[in-house]
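Asker: okay, predicted coordinates and the sequence, questions at the end:
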Amino acid sequence: MKSSNRSLPALIVHGGAGARAPSLDRMAHRQGILKAARYGVEILQQGGLALDAVTSVVKALEDDPLFNAGYGSVLTAEGTVEMDAALMTFTPAAAAMTAGPRSRNHADESMKSTGAAGTSGPRPALAARAGGAVAAVSRVRNPILLARAVMELTPHVLMTGAGAERLARRARLRLCRPSDLITERARARWRAALDRQLVQVSYGSEYGTVGAVAVDSQGRIAAATSTGGVTGKMAGRIGDSAIIGAGVFASEAGGSSATGQGEAIIQSALCREAVSRVARSGALAAAQRAVAVLARTTSGEAGVIVLDRRGRFGYAHNAESMQVALYDVSGGLRQLWVEPMRS
C-alpha cells in the first residue's frame with residue numbers, strides 16, 4: 001500500500017563536513033553531488049527501494065575523485081588507502097510483504113512458515129531493520145557495495161580487511177589494486193605532509209565523506225555512509241562511517257548519516273542520537289541538537305543529515321562547510337551549502 005504522504009519519496013545527500021573547498025572546486029562539488037543525487041531520485045520516482053536509491057547515490061560519489069570515498073580516498077600515514085562504509089535499513093510492517101529479497105541478518109522472517117501447533121503458512125509481516133558494514137578495505141572500488149553484500153549475503157553486520165575482500169570476490173564485485181584508488185590530489189596532500197617531516201592526522205582540513213538517506217513511496221527507510229578517513233591516520237584506524245549508530249542509522253522514526261571527526265562521532269553515537277530525537281523535536285531540530293551535544297561533550301566537529309519517515313529534512317554541522325542535496329515531491333531536487341552552527 002502506497003503512502004498517502006505527498007512528501008514521499010524523499011532523499012537527502014551530503015558531501016562531507018570540513019574545510020571550505022577552494023573556490024575553483026565548489027562548482028564541481030555542487031555538480032558532483034547533484035549528479036549522484038539524480039541516480040537516487042530516478043530510482044525513487046520509479047517506485048524503487050530506498051536501499052537501492054542510497055546505494056546508487058553513494059556509489060556515484062565513490063566514483064567521483066572530488067570526494068573522500070572510494071576513488072579519491074585520502075591516504076594513511078603509510079601512504080595507503082583504507083576505506084570504511086556502512087548502510088542500514090528499516091522496513092515498516094506495511095511494506096514488509098513487498099520488500100523484495102531479504103538479507104540473512106534481516107530481523108523480518110514474516111515470509112517463513114511456522115510449525116507451531118501443527119499449522120503452516122505465512123507469519124504476519126513484522127517491521128524489521130538490517131545493516132551491513134566494512135572497514136579498512138583497500139581492494140574494492142566501491143565499498144558501499146561490499147557493505148551491502150555483508151548485509152545480504154552473510155549473517156554478520158561488520159567485516160574488515162582481507163575477509164571482507166574475499167566476500168567481494170564471492171559477490172562478484174569490482175576489485176582493483178590499492179594503488180588504483182589513489183588520486184594525484186590525495187598523493188599531493190600526503191607528500192605535502194611528508195615535506196613537513198611528519199605525517200599528521202588533519203582533522204577538519206578536508207572534506208568529502210559522503211552519505212545519503214532515503215524514504216521510498218512504501219515508507220521504507222535506508223541510510224548509507226562511505227569514507228576514506230583522514231589523511232595521516234594510523235593504518236588500521238576505523239572511523240565512524242563503519243559503525244552503525246555512529247556514522248549511519250535507521251529506525252521507525254527515520255534515518256541519518258554523519259560526517260566529520262570520527263572519534264567524536266563514535267563517542268557521541270551521533271546518528272542514533274539524532275534519530276532518537278526526531279519524534280519529539282522534528283528532523284531539523286534533532287540534527288541541530290545532536291551536533292550541539294557532540295560539540296559540547298567532545299569539542300569535535302561534525303555534520304549530520306536526517307530524514308524522518310514523512311520525508312522531512314534535517315541537517316546541521318559545526319565545521320567550516322557542508323553541502324547537501326535535497327529531493328522531495330513538492331520541492332524537486334536542489335542543492336545548498338549549509339551554514340555552520342555557532343557555539
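Answerer: Everything's here; your move. Residues are numbered from 1 along each chain as shown.
Asker: following the longest helix anywhere in the chain, which helix or strand shows up next?
Answerer: If you go by DSSP state H, the chain has its longest helix at helix 23-45. Where DSSP states H and E defines the elements, the next helix or strand beyond helix 23-45 is helix 50-62.
Asker: what's the longest helix of the chain in contact with?
Answerer: Identification of contacts with helix 23-45 by CB atoms under 8 Å, 6 or more residues apart in numbering yields 9-11, 13, 15, 21, 49-50, 52-54, 56-61, 64, 66-67, 210, 212, 214, 216-217, 323-325, 327, 333, 335. Where C-beta positions appear, they are placed from N, C-alpha and C, glycine not excepted.
Asker: just the buried ones from those residues?
Answerer: 9-11, 13, 15, 21, 49-50, 52-54, 56-61, 64, 66-67, 210, 212, 214, 216-217, 323-325, 327, 335 (16 or more other CB atoms under 10 Å).
Asker: and the longest helix of the chain, which residues are buried?
Answerer: 29-30, 32-34, 36-41, 43-44.
Asker: the bottom helix or strand of this protein by mean pLDDT?
Answerer: Ranked by mean pLDDT, DSSP states H and E, the weakest helix or strand in the chain is helix 184-195, scoring a mean of 73.
Asker: now do that one against helix 23-45, angle only.
Answerer: Put simply, helix 184-195 runs at 130 degrees to helix 23-45, going by axes from the mean of the first three to the mean of the last three CA atoms, to 10 degrees.
Asker: got the CA coordinates for helix 184-195 in CSV?
Answerer: The C-alpha coordinates for helix 184-195 follow below in CSV (Å, rounded to 0.1, in the frame of the first residue of the first chain):
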residue,chain,number,x,y,z
GLU,A,184,47.0,12.7,-7.6
ARG,A,185,45.1,15.1,-5.3
ALA,A,186,45.4,12.6,-2.4
ARG,A,187,49.0,11.8,-3.2
ALA,A,188,49.9,15.5,-3.2
ARG,A,189,48.4,16.1,0.2
TRP,A,190,50.3,13.2,1.6
ARG,A,191,53.6,14.4,0.1
ALA,A,192,53.0,17.8,1.5
ALA,A,193,52.7,16.3,4.9
LEU,A,194,55.9,14.4,4.3
ASP,A,195,57.7,17.6,3.3
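Asker: the longest helix of the chain - what's its average pLDDT?
Answerer: Helix 23-45 shows a mean pLDDT of 93.
Asker: for it, the distance to its chain's centre please.
Answerer: The chain centre lies 15 Å from the centre of helix 23-45; the measure is CA atoms, centre = their mean, to the nearest Å.
Asker: cool, and stretch 309-329?
Answerer: For stretch 309-329, the distance to the chain centre is 13 Å (CA atoms, centre = their mean).
Asker: end to end, how far does it reach?
Answerer: 14 Å (CA to CA, to the nearest Å).
Asker: what are the buried residues along that stretch?
Answerer: 309-319, 321-328.
Asker: what about the residues you listed, which are in strands?
Answerer: Among the buried residues of stretch 309-329, the members found in strands (DSSP state E) are 313-317, 321-328.
Asker: which residues of the chain fall in helices?
Answerer: Here the chain has its helices, by DSSP H, at 23-45, 50-62, 93-96, 143-153, 161-170, 184-195, 262-268, 270-276, 278-281, 283-298.
Asker: format those as CSV; extra columns: distance to residue 75.
Answerer: Listed next are the helices of the chain as CSV, based on distance: least, CB to CB, whole Å:
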stretch, distance to residue 75
helix 23-45, 19
helix 50-62, 16
helix 93-96, 42
helix 143-153, 16
helix 161-170, 17
helix 184-195, 4
helix 262-268, 16
helix 270-276, 25
helix 278-281, 36
helix 283-298, 25
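Asker: show me the contacts for residue 228.
Answerer: With CB under 8 Å, 6+ apart, residue 228 has these contacts: 68-70, 72-74, 81-83, 186, 208-209.
Asker: burial of the residue nearest to residue 127 when sequence neighbours are not counted, as a residue count?
Answerer: Using CB to CB, 6 or more residues apart in numbering and skipping residues adjacent in sequence, the residue nearest residue 127 is residue 93, 4.6 Å away. Here the count is done by other CB atoms under 10 Å, and residue 93 has 15 residues near it.
Asker: for residue 87, see how far away residue 93 is.
Answerer: In this view, residue 93 and residue 87 are 21 Å apart by CB to CB, to the nearest Å.
Asker: of the buried residues of helix 23-45, closest to residue 270?
Answerer: residue 33 (20.7 Å; CB to CB).
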